[in-house]
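A.B. asks: got a predicted model here, sequence first, then my questions.
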Amino acid sequence: MIDNFDKKIMKLAQKEADRTPKLPQNFDEHIENILSGLPNGKKRRFAWKKAIILAAALAATLSVTVTAAVNYVRKRMEAMNEAERSSHFQASLNTAPADFYSRELNDTEKKKMEELNEKYYNEGVFPEGTLKRIEAASEYDGNGVAFLASRGTFFLPEKELNDEEILQIIDFREKREFSIHEAESKAAAGDLDGSAYNAIYEPVQIELTAQDQVINYSGEMRIDAAAAFGNTLYIGERSNKANGSQACLYQLELGSDKPVQIEVQVPDGMDISMMTCDGKGNLCLLLTQSENGSFENVRSCLWKLSPEGEELEKADINQISGTKMPYQAIAADKDGRIYLAEWKGAKKSQRILVLNEDCTLAGSITCDDGDVRGLGRARNGEVYGVLMAGHEWIPTIVGFDIQNFTIDEKYSNVLPDDVGAFDTMGAGTNSDLLIWGPYGIYTYNIGDQKAVATRAQYELPDGAAMCFTPGSRALFISNNYTVKDGIMDFDNYSLEKIYLMKAE
């Protein structure tokens with residue numbers, strides 16, 4: 001499961017904020033510049049890592065300047081040589097958006113973690129050794145604690161963790177956070193070569209199972225959105241300002257490596273930001289254009305196409321909704337109704353627009369207590385969502401009453417509440433829902449007390465676009481990016497591989 005330590009850092013940082021030296025003025029901006037180059041899917045996954053990096057750096061500043069109690073830690077951190085600091089820094093850039101455990105900690109281990117964390121900071125109780133670093137999940141032999149940097153995962157033995165193993169985890173995190181702070185402070189001052197950030201963009205090597213499939217493809221396609229129906233994959237290619245090309249739509253039969261362009265003329269300047277298939281196989285495209293780069297001034301329209309690419313309906317979403325807000329999730333039910341979840345602004349409630357089969361407005365559902373990040377059609381043909389509820393952002397599976405346009409079903413405490421947002425959903429073969437989030441893939445049957453984890457995050461690729469396909473497979477499309485001087489060239493990337501991963 002995800003590591004709760006990051007939450008503790010944030011609380012510590014907030015508590016000590018008044019006594020804390022300020023970080024470099026452009027520190028936050030520097031982190032944003034690093035993250036801004038990531039493609040949509042990865043940017044979303046790294047967005048909350050930014051908060052963790054900032055809080056970690058703040059905590060590292062605290063640990064070396066604020067209280068005498070943590071002088072133990074300060075001396076230990078300063079004792080690291082340059083090679084060790086560099087190693088920890090590079091490991092932080094290679095990780096997933098947060099830290100995860102290969103299995104859930106039991107109550108005794110959680111209590112020990114809290115107790116030993118206090119002793120680490122306040123009494124200088126340190127481990128005698130260091131945890132192992134592995135390059136692939138298959139290298140873990142089940143003994144001791146090991147860290148797989150590329151997937152941000154601590155591998156734990158099945159037996160209960162002892163004090164030494166827990167201290168090794170705490171020590172590793174503190175050294176990594178200190179190294180992040182050191183490197184970012186140097187970067188903000190212009191003393192760190194930008195190439196140090198290249199590790200963020202290095203492709204992760206995935207260990208495939210016999211039920212997984214990879215489609216290799218070499219071409220110039222730049223993918224941002226995908227949807228599937230039957231054995232057909234639809235992929236949306238992003239426009240390219242560098243060469244003046246417009247966004248395009250392609251069709252690919254699963255198993256083939258030759259996408260066929262569908263003759264659809266996307267308006268100049270617009271991109272296919274999201275897509276889904278309804279229960280009849282029709283393709284629904286959300287086309288968007290951010291005017292003057294504003295996140296709250298977005299032009300949006302919806303197109304519905306037949307499986308053959310014939311235009312069925314078009315709708316001006318700005319006119320229908322009365323706003324120019326962006327949208328963050330799309331789904332369609334068995335009857336062809338389309339659901340669009342607005343991006344939730346800081347000072348307003350979120351709305352979910354429900355469109356009829358002809359793309360006229362049926363009504364809207366208001367979400368007062370949270371933010372619906374994922375929408376998907378379940379096995380019964382109805383659309384469900386994952387509501388990140390309240391200030392604690394607790395993931396809750398919700399159903400919708402389209403007669404009264406309300407949320408009429410809520411299933412709380414069925415998903416882990418410490419792993420960030422779940423933002424992709426679909427129907428399973430043997431389960432009602434497949435749900436994907438930062439920790440991996442879960443299956444869920446409506447009414448059950450718990451969702452079941454089926455594929456861990458470290459087993460899955462980082463896809464620029466992802467969707468579920470019939471047959472309970474998760475489809476990830478990975479792009480190959482060019483990096484120059486440590487900065488991703490966002491206008492120079494192409495489709496590299498298509499992964500079909502067994503989801504249940």
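C.D. replies: Here it is on my side, so go on. From a predicted model like this one, the values you see are computed outputs, not experimental measurements.

A.B. asks: residues contacting Tyr234?
C.D. replies: Remark: with contacts taken as Cβ atoms under 8 Å, 6 or more residues apart in numbering, Tyr234 is in contact with 226-228, 249-252, 262, 275, 277, 283. Bear in mind the C-beta positions are built from the backbone N, C-alpha and C, glycine included.

A.B. asks: quick one: which of the residues you listed is nearest to Arg351?
C.D. replies: Using Cβ to Cβ, Met275 is the member of those that lies nearest Arg351, at 20.4 Å.

A.B. asks: identify the bridge partners of that closest one.
C.D. replies: Beta bridges link Met275 to Leu285, judged by DSSP bridges.

A.B. asks: what's near enough to touch it?
C.D. replies: For Met275, the set of contacting residues under the criterion of Cβ under 8 Å, 6+ apart consists of 225-227, 234, 236, 283-286, 330.

A.B. asks: over to Trp436?
C.D. replies: Contacts of Trp436 were listed using Cβ under 8 Å, 6+ apart, and they are 374, 422-425, 442, 466, 468, 474.

A.B. asks: quick revisit: and the contacts of Tyr234, which are buried?
C.D. replies: Neighbour counting with 16 or more other Cβ atoms under 10 Å marks 226-228, 249-252, 262, 275, 277, 283 as buried within the contacts of Tyr234.

A.B. asks: mind checking which of these are in strands?
C.D. replies: Secondary structure defined by DSSP state E assigns 226-228, 249-252, 262, 275, 277, 283 of these to strands.

A.B. asks: got CSV for those, with pLDDT and distance to Lys304 too?
C.D. replies: Converted to CSV, those look like this (pLDDT from 0 to 100; distance: Cβ to Cβ, whole Å):
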residue, pLDDT, distance to Lys304
Ala226, 89, 17
Ala227, 93, 12
Ala228, 92, 17
Leu249, 90, 13
Tyr250, 88, 18
Gln251, 89, 16
Leu252, 86, 20
Ile262, 90, 13
Met275, 94, 11
Cys277, 95, 10
Leu283, 96, 7
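
A.B. asks: of those residues, just say which sits nearest to Arg76.
C.D. replies: For Arg76, the nearest member of those is Ala226. The distance, counting by Cβ to Cβ, is 46.6 Å.

A.B. asks: that older thread, with distance to Ala503 added, can I get the ones in strands among the buried ones among the contacts of Tyr234 in TSV?
C.D. replies: Converted to TSV, those look like this (distance: Cβ to Cβ, whole Å):
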residue	distance to Ala503
Ala226	15
Ala227	16
Ala228	12
Leu249	25
Tyr250	23
Gln251	22
Leu252	19
Ile262	27
Met275	19
Cys277	17
Leu283	22
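
A.B. asks: let me know the closest of these to Gly399.
C.D. replies: Relative to Gly399, the closest of those is Cys277; by Cβ to Cβ it sits at 20.3 Å.

A.B. asks: need the contact list for that closest one.
C.D. replies: By Cβ under 8 Å, 6+ apart, the residues touching Cys277 are 227-229, 234, 283-284, 332.

A.B. asks: chain center to stretch 385-405, what's the gap?
C.D. replies: Computed by Cα atoms, centre = their mean, to the nearest Å, the separation of stretch 385-405 from the middle of its chain amounts to 19 Å.

A.B. asks: give the buried residues for it.
C.D. replies: Under the neighbour-count criterion of 16+ other Cβ under 10 Å, stretch 385-405 has 385-389, 393-400, 402, 405 buried.

A.B. asks: in those, find the pair that's most separated.
C.D. replies: Of all pairs drawn from these, the one with the longest distance (Cβ to Cβ) is Trp393 and Ile402, at 25.9 Å.

A.B. asks: now the helices: where do they sit in the stretch 151-300 of the chain?
C.D. replies: With helices called from DSSP state H, counting those that start in this stretch, the stretch 151-300 of the chain shows them at 163-188.

A.B. asks: pLDDT weak spots in it?
C.D. replies: In the predicted model of the stretch 151-300 of the chain, residues 184, 186-205, 217-222, 240-244, 292-295 satisfy pLDDT under 70.

A.B. asks: go again with 90.
C.D. replies: 151-153, 173-226, 230-231, 233, 235-248, 250-261, 263-271, 290-297 (pLDDT under 90).

A.B. asks: go on, the stretch 351-500 of the chain?
C.D. replies: Under the criterion pLDDT under 90, the flagged ranges of the stretch 351-500 of the chain are 368-371, 373, 388-394, 409, 413, 416-424, 437-440, 456-467, 469-500.

A.B. asks: in it, which spans are strands?
C.D. replies: If DSSP state E, counting those that start in this stretch is used as the criterion, the strands of the stretch 351-500 of the chain fall at 361-367, 370-377, 383-389, 394-401, 406-411, 424-426, 433-437, 440-444, 452-456, 465-469, 473-484, 487-502.
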